[in-house]
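Student: A predicted structure for the sequence below; I have some questions about it.
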Amino acid sequence: MIKLLLVEDDESLAYIEKTGLEDIIGGYEVTTAANGKEGVKAWEETHPDVIISDIDMPVMNGFEMVERIRETDGNVIIIFTSALTSPNDVKAGYRLGINNYVKKPFVPEELDAHIQALMKMRGGLKTQNETSHYKLGKYTLDADHATLRNDETGETQTITVREAQILQLLADNKNNVVRREAILSRFWNTEDDYFASRSLDVFINKLRKLLADEPKINLKTIRGIGLQLLVEG
């Protein structure tokens, strides 16, 4: 069963869409959220396969929500459903990383067709987030098994699961800055806890030591913003 997060501020419309999707043959496991802020929290807690979201919502709109999610998750399928159809709105959505745009009103069967097509395409493509192996200079990270292999010597060392997760996230976004708040939210479920922040610093220092003898790798702290894994070649 496909896990689907439905983000819609119109309570009546959300109910109709939810029940319609749940009634489709094969079915969807649907979680709902009333705005982008709730959507981010639900995404962190449920790890959905698909997110269906309105754009114009209170507290946090769809654009802001997608920007937050795409900082650390390039794999979840995101579809905007909205009456907003100006070229600028459409371009903004795709620029932020949505996968499709469905104009309201629509019927659940139409939305299901879009989802099935996107999932079929995703199944036939090997995206960056679907591999657990990352080439980092002379090292290869196996994120699934939490190991770091020196390809020159053949030596493999085991690292902690959290170290592997953080390094995988930075490798997925190599050469780009990842906000500290995004990392803390992803792995500690907080954005401003002092002890979680210090814990992150410990993990980053350990990763720097592990990669210190590889000049093609530079794990930088961008003060006041976040972290950047620079990879040459």
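Tutor: Now that the structure is in, tell me what you want to look at.

Student: distance check, the most centrally placed residue in the chain against residue 169.
Tutor: Centroid check for the chain by CA atoms, centre = their mean gives residue 73 as the closest residue, at 1.2 Å. Going from residue 73 to residue 169 by CB to CB, to the nearest Å gives 9 Å. The way it works is simple: take the backbone N, C-alpha and C, and place the C-beta from them, glycine included.

Student: same check on residue 180?
Tutor: 12 Å.

Student: now what about the host helix or strand of residue 203, what contacts it?
Tutor: Using DSSP states H and E, residue 203 sits within helix 194-210. For helix 194-210, the surrounding residues in contact (CB atoms under 8 Å, 6 or more residues apart in numbering) are 148, 157, 159-160, 162-163, 166-167, 180, 183-184, 187-188, 190, 219, 221, 227.

Student: again, 7 Å this time
Tutor: 148, 159, 162-163, 166-167, 180, 183-184, 188, 190, 219, 227 (CB atoms under 7 Å, 6 or more residues apart in numbering).

Student: narrow these to those that are buried.
Tutor: 148, 159, 162-163, 166-167, 180, 183-184, 219, 227 (16 or more other CB atoms under 10 Å).

Student: pick the one among these closest to residue 132.
Tutor: Of all the buried ones among the contacts of helix 194-210, residue 167 has the smallest distance to residue 132: 11.3 Å, by CB to CB.

Student: about what we covered before: from residue 158, how far out is the residue nearest to the centre of the chain?
Tutor: 26 Å.

Student: so where do the strands sit in this protein?
Tutor: Here the chain has its strands, by DSSP state E, at 2-7, 28-33, 50-53, 77-82, 100-103, 133-136, 139-142, 147-150, 156-158, 177-179, 217-222, 226-231.

Student: parallel or antiparallel, list what pairs with the fifth one.
Tutor: Using DSSP bridges, the strands paired with strand 100-103 in its sheet are strand 77-82 (parallel).

Student: which residues touch the strand it pairs with?
Tutor: Residues contacting strand 77-82 (CB under 7 Å, 6+ apart): 49-56, 62, 66, 93, 97-102, 104, 106, 114, 118-119, 122.

Student: kindly recompute the last result at 6 Å.
Tutor: 50-55, 66, 93, 98-102, 104, 118 (CB atoms under 6 Å, 6 or more residues apart in numbering).

Student: what angle separates it from strand 2-7?
Tutor: Strand 77-82 and strand 2-7 are oriented at 40 degrees to each other (axes from the mean of the first three to the mean of the last three CA atoms, to 10 degrees).

Student: please begin residue numbering at 2 from this point
Tutor: With the count now opening at 2, the last piece we talked about shows up as strand 78-83.

Student: got phi/psi on the residue with the largest distance to the centre of the chain?
Tutor: In the chain, the greatest distance from the average C-alpha position (CA atoms, centre = their mean) is reached by residue 154, at 33.8 Å. Note on residue 154: backbone dihedrals following degrees, to the nearest 10 are phi -100, psi -20.
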